[in-house]
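**Student:** I would like to see how this sequence folds:
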Amino acid sequence: MKNILDILNNQRDCFNSQKTKDINYRLTLLNALRAEILDNEQSVIQALKKDFKKSEFETYLSEFALVISSLNLAIKNLKKWAKPKRIKSSLLTFPSKDYIYTEPYGNVLVIAPWNYPFLLAMEPFIMAISAGNTVVLKPSELTQNTSKVITKIIQNVFPENIAISIEGGVEISTELLAQKWDYIFFTGSTKVGKIVAKAAAKNLTPVVLELGGKSPCIIDDSVNLKLVARRLVWGKLLNGGQTCISADYVIVKSNIKQDLINVLKNEIIRRYGEIPKESSDYPRIINETNTKRLETLIKNENIVFGGEIHKDDCYVSPTIIDEPNLDSKIMQEEIFGPILPILTYETDTDIEKIIWNLDHPLSLYVFSNNKKFVENTIKKFSFGGGVINDLLIHFGNHRLPFGGIGGSGMGKYHGKHGFDTFSNAKPIIKRGNWYDPSFRYPPYKGKMSLLKKVFKYFG
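**Tutor:** Predicted coordinates for the structure are as follows:
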């Protein structure tokens with residue numbers, strides 16, 4: 001394997017040469033990347049099938065298509081995004097023309113997770129390149145098949161002094177984090193996110209942390225339960241529940257709890273059959289370690305549906321848990337699997353006690369036709385982003401910033417927000433020389449009254 005410090009130094013030299021600041025050169029790279037990814041569509045699909053037993057439909061919907069959309073968006077809008085923006089001037093700086101210039105940070109490290117290994121590696125990578133940075137990408141070692149395809153794609157498009165994918169385990173991540181970067185973008189667990197933040201702090205490196213947490217789904221008694229079940233089962237079981245913005249648990253009005261459980265059972269069977277293990281649309285858990293972790297979470301819990309686990313096949317059936325204790329493991333840890341705890345509430349205070357017992361979630365979902373209840377809920381709780389009457393779909397709109405708050409992360413990306421994340425906004429004032437008022441220059445005697453008036457009316 002190539003020496004990491006040598007790679008970083010070569011990328012730093014390349015960035016200092018100003019090569020990556022050329023918009024047309026960036027567009028050439030992005031177009032070449034799009035062509036290479038399209039040529040490797042089946043390779044990506046097959047890799048994810050090997051890593052997760054994920055269906056072609058789900059792979060295309062939740063990973064491949066979103067990457068191509070991100071590329072198309074960047075290619076179409078890059079010149080507009082990168083153009084200096086004229087800003088209204090202040091009378092305090094008259095005469096002047098004011099602008100915001102965008103510039104790349106420099107040498108960027110992107111550390112990707114295993115749960116959506118293609119999408120969550122390529123989307124930040126695309127935006128970092130679009131902004132004019134050089135990039136070292138570290139794909140997940142847990143999804144070896146997908147990581148190999150990613151490395152091949154990047155290798156076929158980019159000179160190593162502009163972008164490279166470096167595979168490996170914890171030791172490689174540790175070595176990468178020991179270097180001095182201009183920007184770090186990390187997606188993964190809160191536990192590892194703290195390690196990344198600590199490493200970045202040593203060099204005051206700006207960092208985006210896309211983490212997770214326990215995202216609640218609140219359901220009141222004004223809803224159509226069959227519609228709720230359809231959307232909830234889809235959102236919860238997509239990728240086998242291994243989705244950072246998945247509903248981690250449900251808080252349902254107590255008078256409809258049993259009805260909800262019944263329709264959820266029916267919906268699961270309708271979508272995946274009596275034996276989900278035999279469904280070609282039902283993914284597996286990433287590895288045996290995580291399968292065992294999920295087995296531990298449901299031990300001694302009140303399982304009202306599912307609970308079947310085959311460690312040799314990394315299979316965990318869709319599982320519903322009734323009323324776990326708030327202090328239990330399953331309510332203290334992010335589940336990251338096809339297990340759905342059901343809690344109940346009578347009053348808004350009951351909801352508060354549950355959600356405020358945990359750190360800020362990455363997402364929050366509300367199923368309700370009561371507009372006042374919805375508005376009060378989304379204003380009361382702090383969370384990264386949310387959806388009313390559905391799950392996950394806020395991730396799919398590139399116009400919405402995506403990211404967490406508190407324990408669920410910091411920083412935002414997606415679309416133009418991603419370009420901005422990897423760009424330093426540099427304010428510039430171009431001062432006119434045709435007029436130079438003497439007011440700001442000493443001596444200041446007798447000018448205090450005028451100074452206060454200036455700030456009162458023009459400040």
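**Student:** C-alpha from now on. contacts and neighbour counts both.
**Tutor:** Will do.
**Student:** can you pull out the low-pLDDT segments for the stretch 251-400 of the chain?
**Tutor:** Scanning the stretch 251-400 of the chain for pLDDT under 70 picks out nothing.
**Student:** where do the strands of it begin and end?
**Tutor:** Under the criterion DSSP state E, counting those that start in this stretch, the stretch 251-400 of the chain contains strands at 303-305, 309-310, 315-316, 319-322, 339-345, 363-367, 385-388.
**Student:** just checking, what packs against the second one?
**Tutor:** Which is strand 309-310. Using 3 or more C-alpha pairs under 8 Å, 6 or more residues apart in numbering; DSSP states H and E, the elements in contact with strand 309-310 are strand 315-316.
**Student:** go again using 10 Å as the cut-off
**Tutor:** Applying 3 or more C-alpha pairs under 10 Å, 6 or more residues apart in numbering; DSSP states H and E, one finds that strand 309-310 contacts helix 288-298, strand 315-316.
**Student:** the inter-axis angle of the first one versus strand 339-345?
**Tutor:** Helix 288-298 and strand 339-345 are oriented at 30 degrees to each other (axes from the mean of the first three to the mean of the last three C-alpha atoms, to 10 degrees).
**Student:** buried residues in helix 288-298?
**Tutor:** 290, 291, 292, 294, 295, 297, 298 (16 or more other C-alpha atoms under 10 Å).
**Student:** which of these sits closest to residue 431?
**Tutor:** residue 290 (60.1 Å; C-alpha to C-alpha).
**Student:** quick check: the closest one touching residue 313?
**Tutor:** No - using C-alpha atoms under 10 Å, residue 290 is not in contact with residue 313, being 11.9 Å away.
**Student:** quick one on the thing from earlier: including distance to residue 270 and mean neighbour count, could the strands of the stretch 251-400 of the chain go into a markdown table?
**Tutor:** Output for the strands of the stretch 251-400 of the chain, formatted as a markdown table (distance: least, C-alpha to C-alpha, whole Å; neighbours: other C-alpha atoms under 10 Å):
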| stretch | distance to residue 270 | mean neighbour count |
| --- | --- | --- |
| strand 303-305 | 14 | 17 |
| strand 309-310 | 20 | 16 |
| strand 315-316 | 18 | 24 |
| strand 319-322 | 15 | 20 |
| strand 339-345 | 17 | 23 |
| strand 363-367 | 21 | 26 |
| strand 385-388 | 24 | 20 |
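**Student:** which one of those lies nearest to residue 223?
**Tutor:** Residue 223 lies closest to strand 363-367 among the strands of the stretch 251-400 of the chain, at 6.8 Å (C-alpha to C-alpha).
**Student:** strands paired with that closest one, and their directions?
**Tutor:** strand 216-219 (parallel), strand 385-388 (parallel) (DSSP bridges).
**Student:** and the first one, which residues are buried?
**Tutor:** By neighbour count with 16+ other C-alpha under 10 Å, strand 216-219 contains the buried residues 216, 217, 218, 219.
**Student:** just the CA coordinates for the very next helix or strand once past that strand, please, in PDB.
**Tutor:** Where DSSP states H and E defines the elements, the next helix or strand beyond strand 216-219 is helix 225-237. Taking C-alpha atoms only, helix 225-237 is exported to PDB below (Å, rounded to 0.1, in the frame of the first residue of the first chain):
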ATOM      1  CA  LEU A 225     -53.600   2.900  10.300                       C
ATOM      2  CA  LYS A 226     -53.300   0.900   7.100                       C
ATOM      3  CA  LEU A 227     -51.600   3.800   5.400                       C
ATOM      4  CA  VAL A 228     -49.400   4.300   8.400                       C
ATOM      5  CA  ALA A 229     -48.400   0.600   8.400                       C
ATOM      6  CA  ARG A 230     -47.600   0.600   4.700                       C
ATOM      7  CA  ARG A 231     -45.200   3.600   5.000                       C
ATOM      8  CA  LEU A 232     -43.800   2.600   8.400                       C
ATOM      9  CA  VAL A 233     -42.900  -1.000   7.300                       C
ATOM     10  CA  TRP A 234     -41.300   0.300   4.200                       C
ATOM     11  CA  GLY A 235     -39.200   2.900   6.000                       C
ATOM     12  CA  LYS A 236     -38.300   0.700   8.900                       C
ATOM     13  CA  LEU A 237     -37.300  -2.400   6.900                       C
END
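**Student:** so what does helix 225-237 touch, helix or strand wise?
**Tutor:** So helix 225-237, by 3+ C-alpha pairs under 10 Å, 6+ apart, packs with strand 216-219, helix 257-272, strand 339-345, strand 363-367.
**Student:** turn these into CSV, columns for distance to residue 210.
**Tutor:** Shown next, in CSV, are the helices and strands packed on helix 225-237 (distance: least, C-alpha to C-alpha, whole Å):
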stretch, distance to residue 210
strand 216-219, 18
helix 257-272, 30
strand 339-345, 22
strand 363-367, 12
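**Student:** nearest to residue 243, of those?
**Tutor:** Residue 243 lies closest, by C-alpha to C-alpha, to one member of those: strand 363-367, at 11.0 Å.
**Student:** quick check: phi and psi at residue 404.
**Tutor:** Here is the backbone geometry of residue 404 (degrees, to the nearest 10): phi -110, psi -170.
**Student:** measure it to residue 359 for me?
**Tutor:** 11 Å (C-alpha to C-alpha, to the nearest Å).
**Student:** got any residues that touch both of the two?
**Tutor:** 213, 382, 383 (C-alpha atoms under 10 Å, 6 or more residues apart in numbering).
**Student:** JSON lines for those, including distance to residue 120 and neighbour count?
**Tutor:** Listed next are these as JSON lines, based on distance: C-alpha to C-alpha, whole Å; neighbours: other C-alpha atoms under 10 Å:
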{"residue": "213", "distance to residue 120": "17", "neighbour count": "29"}
{"residue": "382", "distance to residue 120": "24", "neighbour count": "19"}
{"residue": "383", "distance to residue 120": "20", "neighbour count": "24"}
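**Student:** now the strands of the stretch 251-400 of the chain as JSON lines including distance to residue 187?
**Tutor:** Written out in JSON lines, the entries for these read as follows (distance: least, C-alpha to C-alpha, whole Å):
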{"stretch": "strand 303-305", "distance to residue 187": "31"}
{"stretch": "strand 309-310", "distance to residue 187": "28"}
{"stretch": "strand 315-316", "distance to residue 187": "24"}
{"stretch": "strand 319-322", "distance to residue 187": "27"}
{"stretch": "strand 339-345", "distance to residue 187": "22"}
{"stretch": "strand 363-367", "distance to residue 187": "15"}
{"stretch": "strand 385-388", "distance to residue 187": "16"}
